[in-house]
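[1] just a sequence and a predicted model for now, questions to come.
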Amino acid sequence: MNDSAESRPLTFGELGVPGPLVRVLAADDKKTAFPIQADTLPDSLAGRDILGRGRTGSGKTLAFSIPLVTRLGSYDSFGEIAMEEFRKEIKRRKKASLEERRADDFLPHPRGLVLAPTRELANQINDVLMPLAHTFGMNTTTVYGGVKYIHQIRDLKAGADIVVACPGRLEDLLRQQALTLSSVEVVVIDEADEMADMGFLPPVKRLLEQISPDAQHMLFSATLDHGVDEVVNTFLHDPKVHEVDSATTEPDLMTHHVFETTRGDKHELVRMLASGEGRRILFTRTKFQAKKLAKRCACHGGHRRGRPWHRRRRRGARGAGRAAGRPEVLCAPLRSYRPRRQGGRRGHPRAARAAPRDAPLAEPGRHQDQDDRSDPRFARSA
């Protein structure tokens, strides 16, 4: 009996998630927790520092979004009150926040901060956070490079309680005194290993130094390489470590095959691998090779349809796919293909002109900063 109870997925209510958030999650058909959520929520809701190790797609975003909103919403202060009283209290808090923003010397001071390596991930996190934060009358906003400062400063002045930011642009806004981090109570560092690969750890450290040591820190990373362990040892206080589906875990349903062939036989081998009933993704070294391979698949593949995929045709590829039917064979240069995150935005078209790894932080007034770099996962894959 105990074994069946342990194997059964736990509901968010059983893990101590407040009732108002449970209802919001249930409305989005999220009723039971993923393993990383079930492991971390009891400790994170209690205010402990968290070190979560899990690969992308394991459910980390919700694992830190729920305790972030719960602790900033001070749900414990409500006690066991009816929903009508809860709504009245939320309205009172909104009114108090509005009065504070009307002061002449008002300086935006978010109470929650989430650091992410890319704008795509920042938008994805914000999409998850926003409905949860609205339940407690809080607002969220995103801060990243490639857009005008004035829009982000306007959102900050409108009373953003939680900021989801890329490190480079956030430092720019801090230098412009557009906000302060002195009131941050909960800080999350997501995909820390990617930020290390992109050279963001120095600005991350500078940002964390501006946050009160008493704030709750949650760091999520697939690995602790390239200086991530130094951030953990410096800024996290006796963190509770949770590891679920780490990056070093061997996938359950993946088989690798290595084919030794000659240049003359390679084309026939590729044609055989591209044939069949299921969909395929074929990676090439260059854009020209991807186009050539896609044409060859279209000519010799019978009913198979091949389509090249590279940076310059990304924006229009979806519309073209609808018009001609979905391709069964996708041919992509290795450094150009980026699988879209569920719920995230498409890659930025200027990624091909990304800054080098050792580029300095952007100075105020520039329209792009470090956050405009292409995703480092392709550099590792190349």
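    Looks like it arrived, so ask away. Numbers count the residues shown, from 1 in each chain.

[2] grab the nearest non-local neighbour of T135.
    Nearest non-adjacent residue to T135, counting by C-beta to C-beta, 6 or more residues apart in numbering: P20, 4.9 Å away. The C-beta positions use only the backbone N, C-alpha and C, and glycine is treated the same way.

[3] surely that neighbour is within a helix?
    Yes. Assigned with DSSP: H, G, I helix; E, B strand; the rest coil, P20 falls within a helix.

[4] distance check, it against A160.
    As for P20, its distance to A160 is 20 Å (criterion: C-beta to C-beta, to the nearest Å).

[5] neighbour-wise, which of the two wins?
    Neighbours per residue (other C-beta atoms under 10 Å) separate P20 from A160, with A160 holding more: 23 against 20.

[6] just confirm that one contacts T142, I think it does.
    No. With contacts counted by C-beta atoms under 8 Å, A160 stays clear of T142, the gap being 9.2 Å.

[7] what segments of the stretch 1-150 of the chain are strands?
    Listed in chain order, the strands of the stretch 1-150 of the chain (DSSP state E, counting those that start in this stretch) span 50-53, 112-115, 140-143.

[8] low-confidence ranges in the chain?
    Scanning the chain with the threshold set as pLDDT under 70 gives 1-7, 55-57, 75-84, 245-254, 276-277, 299-382.

[9] returning to that earlier point: touching, the residue nearest to T135 and E85? I think so.
    No. Between P20 and E85 there is no contact under C-beta under 8 Å: 11.9 Å.

[10] ok so, going back, take the strands of the stretch 1-150 of the chain and write them to TSV, including distance to A298 and mean neighbour count.
    As requested, those are arranged in TSV below (distance: least, C-beta to C-beta, whole Å; neighbours: other C-beta atoms under 10 Å):
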stretch	distance to A298	mean neighbour count
strand 50-53	43	24
strand 112-115	44	26
strand 140-143	40	25
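
[11] and the residue nearest to P110 when sequence neighbours are not counted, how many neighbours?
    The shortest distance from P110 to any non-neighbouring residue, by C-beta to C-beta, 6+ apart, is to V163 (4.5 Å). Burial of V163 is recorded as 27 neighbouring residues (other C-beta under 10 Å).

[12] pull the CA atoms of the helix or strand containing V163 into PDB?
    Using DSSP states H and E, the element containing V163 is strand 162-165. As requested, the backbone C-alpha atoms of strand 162-165 are provided in PDB (Å, rounded to 0.1, in the frame of the first residue of the first chain):
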ATOM      1  CA  ILE A 162       8.900  39.900 -10.500                       C
ATOM      2  CA  VAL A 163      11.500  40.500 -13.200                       C
ATOM      3  CA  VAL A 164      12.700  37.800 -15.600                       C
ATOM      4  CA  ALA A 165      15.900  39.000 -17.000                       C
END
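
[13] mind naming the longest helix for the protein?
    helix 83-101 (DSSP state H).

[14] measure A222 to K30 for me?
    According to C-beta to C-beta, A222 and K30 sit 23 Å apart.

[15] what about the two, which has more around it?
    A222 (21 against 17).

[16] the more buried one touches R53, doesn't it?
    Yes. Contact criterion C-beta under 8 Å: A222 and R53 qualify, at 6.7 Å.

[17] phi, psi of the closest residue to A38 other than its chain neighbours?
    Nearest non-adjacent residue to A38, counting by C-beta to C-beta, 6+ apart: L10, 5.0 Å away. Here is the backbone geometry of L10 (degrees, to the nearest 10): phi -80, psi 140.

[18] measure the residue nearest to T135 to T261 for me?
    60 Å.

[19] and if you look at L156?
    Applying C-beta to C-beta, the value for L156 to T261 is 57 Å.

[20] more neighbours, the two?
    When L156 and T261 are compared for neighbours, L156 comes out ahead with 20 against 11, by other C-beta under 10 Å.

[21] give me the three-state assignment for the more buried one.
    Assigned by three-state DSSP, the conformation of L156 is helix.

[22] ok, L273 - contacts?
    By C-beta atoms under 8 Å, 6 or more residues apart in numbering, the contact list for L273 reads 280, 282.

[23] and it, which helix or strand is it part of?
    Assessed by DSSP H and E, L273 sits inside helix 263-274.

[24] quick check: buried residues in that helix?
    Using 16 or more other C-beta atoms under 10 Å as the test for burial, helix 263-274 gives 270, 274.

[25] how many neighbours does the closest residue to A116 other than its chain neighbours have?
    In space, and not counting its chain neighbours, A116 is closest to A122: 4.5 Å by C-beta to C-beta, 6+ apart. Other residues near A122 number 25, with proximity taken as other C-beta under 10 Å.

[26] verify the stated contact: A122 with T141.
    No. Look at A122 against T141 with C-beta under 8 Å: they stay out of range, at 10.0 Å.

[27] got any residues that touch both of these two?
    V164.

[28] who touches stretch 37-47?
    Identification of contacts with stretch 37-47 by C-beta under 8 Å, 6+ apart yields 9-10, 12, 15-17, 33, 50, 52, 59, 62-64, 66-67, 70-71, 216, 218, 240, 242, 244.
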